[in-house]
Structure formats: structure tokens, C-alpha cells
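Novice: Dropping the sequence and predicted coords here.
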There are 2 protein chains.
Amino acid sequence: MKMVPISPNVSARMQEKRRKILECALELFAEQGYDNTPVKDIIDKSGFGTGTFYKYFNNREDVLQTLLSEFLDQIIDCVNEYFAREKDLYLRFVGAKLVILEVFIQNQKMAGIYSRVTGISSESIRECIKEFEERFIQFTSKNIQFGIKQGVFREVPAVPLAHSVLAVIKHMIFKWTVLKDISTEEMLNMTTIILEIMAVSLVVKNNPREP
Amino acid sequence: MKMVPISPNVSARMQEKRRKILECALELFAEQGYDNTPVKDIIDKSGFGTGTFYKYFNNREDVLQTLLSEFLDQIIDCVNEYFAREKDLYLRFVGAKLVILEVFIQNQKMAGIYSRVTGISSESIRECIKEFEERFIQFTSKNIQFGIKQGVFREVPAVPLAHSVLAVIKHMIFKWTVLKDISTEEMLNMTTIILEIMAVSLVVKNNPREP
């Protein structure tokens, strides 16, 4: 994303334009697919001129990267808010993932875009997804490591476990938004069951929660 | 897939032609993507006439469905062969998934196609993937249920657990074949670690394997 210089009055209008472009792109990517959406379509839908688009974004990949990145920021913010409320590390392991699914549910279009762009064989898209998933893994494994340090979780390898969490969320989002063979409720239920199975292996011996 | 009547001499030649068409399609789907491969390309590459193609397949989706279905048959055969050698149900849980990854490694082009077609928003592709994944879930959950019946595994919900296995395999195949940010060895190592974490929660209490 290009850096835009900030000045009190101008910046609010600029932020509004940038936001409008992102919203139009989100609509179009969700409706007709990222691959079938040229920059021209985004510009036309926004009602701005070509120059305005390129003031904020370098190209279409830049727009997708911004959308994915802001989406992940939103996920992380919501999980951090949840952590401020819920202090039990064991409950957090499953709870945080349900918070993540809630963010996907509230952003169903973004969920569909994320599920689908993974099929595009372009270097820049690969980089977008890589960045998104690496940040997710870092955030999740840091939280698992915190539980290990606190003595609540066993000494499990945090990064592979974070990958399995991402894998389960991706798969469930895919079934819900692309295959459409599970309802929102089924997605939440099945994810809870899977995470509870995983959580059993996280619990330290002699912990009262152990089954 | 169309049913082709079998007669001793003719059938061998027919099977060969059918095989050749499937091989050409596999090459093309892997090289230029399923979406960018019209039936005409497959026909041209095979060297047969248009009529020959339609004797065996209804359309492009039919070819993809056959490829996915035969690939899954191969996975199931390999796992069953492994089960014939390995009788320890606990070792099987991780071992069978490594056998599955081996089949993906030996069929890297097919792995790439499977990872990528999930991004295509067409009803018929959705049906192909749905069928593939449902068969995978049935096979895997049946094996988990067998372990539960034998008293080796706890009473875990088999279908959700089978989904988490599929999720992990899909995610690892995606990282290996699309994102290309892990080597074959890293993929095998990370999957083993994840499955071993999951396996801990499968083990019944008082089992000597419990950590």
C-alpha cells in the first residue's frame, strides 16, 4: 500500500476515498471473482478517476493485500478484546477461534474471497496469502507459547499447532462459503468439537480439566 | 463418467485411449490451470478426434471428476495396503496420513490441481470436490470408529476429527504445492508433529502410550 501524507482536513477526505475504493473492490471480488475483476471495474464502480485509484494503490494485488491485511487486523483486534474479558487460558484456546469465526461470519464476502484466491496461480497473490497466513501463525503460536509458559499447556510445538488451527478454520470456512454444504451453526459446532479434541492434548498432567 | 461396454480385445485399446486422455488433461490442468484449459486443448494434445473424447467423457468437469476419483482410489488402496502391514491402531493414526502424503508427493501435479481447483466458483467443480472430500471423510472416520470400537481410542466424535485430518493435509499440501514455502521434508515433519499432538487426545486413559 502506498503511504499517503496526512493533514487534518485533507486526510479525512482521502481516507474516505480510499475506503470507498476498498469497499467497491470487495463487492466486485466477491461477486465476479478476483481474477475476473480488472482495475477498470473497480475504478468505474467507485466513480472516481483513474488517477485517484493510483494515488492510493499500485495495482489490483495491492488492493487485495490491503483487504486481507485489514481483515486480519480486525481478527486480531477482536481476539485481543476477547482476551481482555476471558482470562482462563484453557477456555481461551477454543473461545478465541470462535471469535475468529464470528469475524468471518460478519465478513462473509471477505471469507469467500480468502477461500477462493488461494486457487489463483500468481506470484503476487501467493505473497498476499503467505503474508496473511504467516501473521496469523505468529499471533496464534505466540498465544499458545504464553499458555505453555504459564504452565497451563503441555510443552507442545506451538507453530505446528498454530498451523493445525489455521488449517481447521480454513477448511471450515471453505465448506461454509464455497462448498456451502454446512450451515453457519454447523460450522461453529464442528469447529468447537475439533478444537475441544485438540485442547485435550494441550492440558498438562494433574490439571483438574483433564478428562 | 460414461459407462463404456467391455469386450476383451476392444476394451484394452479403449482403456488405453481413455488413459491417454486423462494423462493429457492432467498435464494441461497442472501446467495452465483447469480454468484455462478448454476441452479442445485436451483433444489436441491427445491426438485423437473430438468423437473419441466424447466417447469417454461428457465434458471437462467429467475429466476432472475422474482424475480426482482415481486419485482418491489410489490413496485408499495405499492406506489399505499399509493397514495390512501395520496392525497397531495407534501407530496407524499418524502412519496412514504419512502414506496419504506420500501419494500426494508421488502425484505432485494432481496435488497442485486439487489445491487450486478449490478456488473455482462453478457448481460442477464444487460437486467434484464435495464428492472427493466426502469419500475421504467417510474412509477416515470409519477407521477412527474402528479404533474406538477396539477400545484403543477414546469416544471422540469421528466425523469432526476426520475433518480436522483432511484440513491439516489440505493446508500442508497447499503450503507445499501452491505457496511453495515448505519443502517436502518440512511438510512431512510438520504433519507428523500435528498428528502426534492430535493422537495424544485420542488415547484412552490408562493406556501405556499416554504421556
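Specialist: Cool, the structure landed.
Novice: Can you list the low-confidence ranges for chain A?
Specialist: A:1-8, A:121, A:205-211 (pLDDT under 70).
Novice: swap the cut-off to 80 and go again
Specialist: A:1-10, A:119-122, A:204-211 (pLDDT under 80).
Novice: what sits against the closest residue to chain B within it?
Specialist: Residue of chain A nearest chain B, by Cβ to the nearest Cβ: residue A:119 (1.7 Å). Yep, even glycine has a C-beta here, placed from its N, CA and C like the rest. Contacts of residue A:119 were listed using Cβ atoms under 8 Å, 6 or more residues apart in numbering or on different chains, and they are B:115-120.
Novice: Isn't residue A:165 up against residue A:140?
Specialist: Yes - with contact defined as Cβ atoms under 8 Å, residue A:165 counts as touching residue A:140 (5.6 Å).
Novice: Over to the residue of chain A closest to chain B. Which of the three states is it?
Specialist: Under DSSP: H, G, I helix; E, B strand; the rest coil, the three-state class of residue A:119 is coil.
Novice: Distance check, the closest residue to it other than its chain neighbours against residue B:202.
Specialist: Sequence neighbours aside, residue B:119 is the residue nearest to residue A:119 in space, at 1.7 Å (criterion: Cβ to Cβ, 6 or more residues apart in numbering or on different chains). According to Cβ to Cβ, to the nearest Å, residue B:119 and residue B:202 sit 33 Å apart.
Novice: now swap in residue A:204 and tell me
Specialist: 18 Å.
Novice: residues in contact with the spatially most central residue of chain A?
Specialist: By Cα atoms, centre = their mean, chain A has its centre lying nearest to residue A:72, at 4.0 Å. The contact partners of residue A:72, by Cβ under 8 Å, 6+ apart, come to A:132, A:135-136.
Novice: In a markdown table, list those along with neighbour count, secondary structure and distance to residue B:186.
Specialist: Shown next, in a markdown table, are the contacts of residue A:72 (neighbours: other Cβ atoms under 10 Å in any protein chain shown; DSSP: H, G, I helix; E, B strand; the rest coil; distance: Cβ to Cβ, whole Å):
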| residue | neighbour count | secondary structure | distance to residue B:186 |
| --- | --- | --- | --- |
| A:132 | 21 | helix | 20 |
| A:135 | 16 | helix | 19 |
| A:136 | 20 | helix | 18 |
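Novice: Show the subsequent helix or strand relative to the strand or helix carrying residue A:146.
Specialist: Per DSSP states H and E: residue A:146 is located in helix A:123-149. Downstream of helix A:123-149, the next assigned helix or strand under DSSP H and E is helix A:158-174.
Novice: and that following helix, is it in reach of chain B?
Specialist: Yes - judged by Cβ under 8 Å from any Cβ of the partner chain, helix A:158-174 and chain B are in contact via A:160-161, A:163-164, A:166-168, A:170-172, A:174.
Novice: now do stretch A:138-150
Specialist: No - if you take Cβ under 8 Å from any Cβ as the test, stretch A:138-150 misses chain B, and the best it gets is 10.6 Å.
Novice: and that stretch, C-alpha only, in CSV?
Specialist: What follows is stretch A:138-150, C-alpha atoms only, in CSV (Å, rounded to 0.1, in the frame of the first residue of the first chain):
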residue,chain,number,x,y,z
GLN,A,138,2.7,-15.8,14.6
PHE,A,139,-0.2,-14.4,16.5
THR,A,140,-1.7,-17.8,17.3
SER,A,141,1.6,-19.5,18.2
LYS,A,142,2.6,-16.6,20.5
ASN,A,143,-0.7,-17.2,22.4
ILE,A,144,0.0,-21.0,22.7
GLN,A,145,3.5,-20.3,23.9
PHE,A,146,2.1,-18.0,26.5
GLY,A,147,-0.1,-20.8,27.8
ILE,A,148,3.0,-23.1,27.9
LYS,A,149,5.0,-20.5,29.9
GLN,A,150,2.1,-20.2,32.3
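Novice: buried set for it?
Specialist: A:139-141, A:143-145, A:147-148 (16 or more other Cβ atoms under 10 Å in any protein chain shown).
Novice: Check the offset of it from the chain's centre.
Specialist: Stretch A:138-150 sits 18 Å away from the centroid of its parent chain (Cα atoms, centre = their mean, to the nearest Å).
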